[in-house]
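Trainee: Task: produce atomic coordinates for the following.
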Amino acid sequence: MARNKFRGLGVALVTPFQADGMVDYTALRRLLDYQLSNGIDFLCVLGTTAETPTLTAEEKQNIIQLVQEKVQGKVPILLGMGGNNTAAIVEQVRTTNFKGIDGILCVCPYYNKPSQEGLYQHFKTIAAASPVSVVLYNVPGRTGVNMTAETTLRLARECENIVAIKEASGNFTQIDDIIKNKPADFDVISGDDGITFPLITLGAAGVISVIGNALPKEFSRMVRLALNGDYNNALTIHHKFTELFKLLFVDGNPAGVKAMLSSMGLIQNELRLPLVPSRISTMEKISNIVKELNIKC
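Mentor: Numbers count the residues shown, from 1 in each chain. Have a look, this model is predicted:
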């Protein structure tokens with residue numbers, strides 16, 4: 001049996017806000033119901049897409065509690081818990097109630113740009129403190145540092161509870177190197193919706209998705225078809241969303257997917273500064289695609 005529970009379609013959950021800037025817990029419940037009834041395989045809570053740096057400690061705890069109450073074990077929960085202060089993350093791990101939480105998603109330290117040895121020691125220390133599985137997160141476009149395949153493989157081999165990596169480097173050679181040389185019970189998860197299909201054909205185990213917030217049924221079908229080796233039908237769905245992949249990120253994340261969710265009537269199109277909503281031209285294009293796809297909520 002695989003160690004990693006986070007396979008297939010995982011959704012990087014957005015945080016809905018009201019017009020006054022407060023967290024919209026009613027919309028969050030609605031969004032969770034929509035995803036749980038439309039085929040997602042796991043949830044990623046309080047990651048980058050959740051605008052987590054702008055949330056208070058109380059809001060984060062309320063969101064975790066709401067998700068735990070809604071999910072009730074229906075799908076695994078992956079909790080974002082990263083940063084650039086190793087000791088602070090270890091303390092957070094030690095003081096967190098992991099009831100109903102199946103793992104933590106831990107991003108590479110940002111801004112201080114550690115060496116590969118620093119990255120290795122950082123994640124090894126966190127893994128040693130964690131009572132649940134750890135999924136690494138490599139996203140050099142946001143953190144300013146790339147974790148090499150060698151460092152990822154070293155952690156995969158030496159730390160029993162490091163079960164996967166969310167790879168968002170966009171470096172196919174690096175990702176393929178990890179897939180080729182990884183332990184059998186360690187998985188690679190796509191961190192980019194637009195390249196999920198080709199990564200699965202290389203051996204990736206799924207995706208932590210942004211578009212899954214809005215299109216869980218359609219995107220989970222693409223992921224499952226690809227994982228089952230039905231590449232032709234999976235590719236048809238992948239190509240269906242090519243333009244949408246670009247639109248959702250042209251004005252930054254999660255501005256695009258929040259505009260889409262708003263056009264679907266699931267949440268309000270509100271973000272917290274320093275993020276702002278998508279441009280009107282982008283929103284119009286997204287709304288037109290929603291109409292063309294005839295998405296039913």
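Trainee: Please count neighbours and contacts with C-alpha atoms only from this point.
Mentor: Noted.
Trainee: quick one, phi psi at Glu167?
Mentor: For Glu167, the backbone dihedrals are phi -100, psi 120 (criterion: degrees, to the nearest 10).
Trainee: Where do the helices of the stretch 1-150 of the chain begin and end?
Mentor: For the stretch 1-150 of the chain, the helices identified by DSSP state H, counting those that start in this stretch occupy 25-36, 57-71, 86-94, 116-129, 140-143, 149-158, in order along the chain.
Trainee: List the buried residues for stretch 155-168?
Mentor: Leu155, Ala156, Asn161, Ile162, Val163, Ala164, Ile165, Lys166, Glu167, Ala168 (16 or more other C-alpha atoms under 10 Å).
Trainee: do the same with stretch 56-71
Mentor: Neighbour counts using 16+ other C-alpha under 10 Å place Lys60, Ile63, Ile64, Val67, Gln68, Val71 of stretch 56-71 among the buried residues.
Trainee: can you check stretch 239-257 too?
Mentor: Buried residues in stretch 239-257 (16+ other C-alpha under 10 Å): Phe241, Leu244, Phe245, Leu247, Leu248, Phe249, Asp251, Asn253, Pro254, Ala255, Gly256, Val257.
Trainee: With pLDDT and secondary structure as extra columns, can I get these in a markdown table?
Mentor: Compiled in a markdown table, these are given as follows (pLDDT from 0 to 100; DSSP: H, G, I helix; E, B strand; the rest coil):
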| residue | pLDDT | secondary structure |
| --- | --- | --- |
| Phe241 | 92 | coil |
| Leu244 | 93 | helix |
| Phe245 | 93 | helix |
| Leu247 | 94 | helix |
| Leu248 | 94 | helix |
| Phe249 | 94 | helix |
| Asp251 | 95 | coil |
| Asn253 | 96 | coil |
| Pro254 | 97 | coil |
| Ala255 | 97 | helix |
| Gly256 | 97 | helix |
| Val257 | 97 | helix |
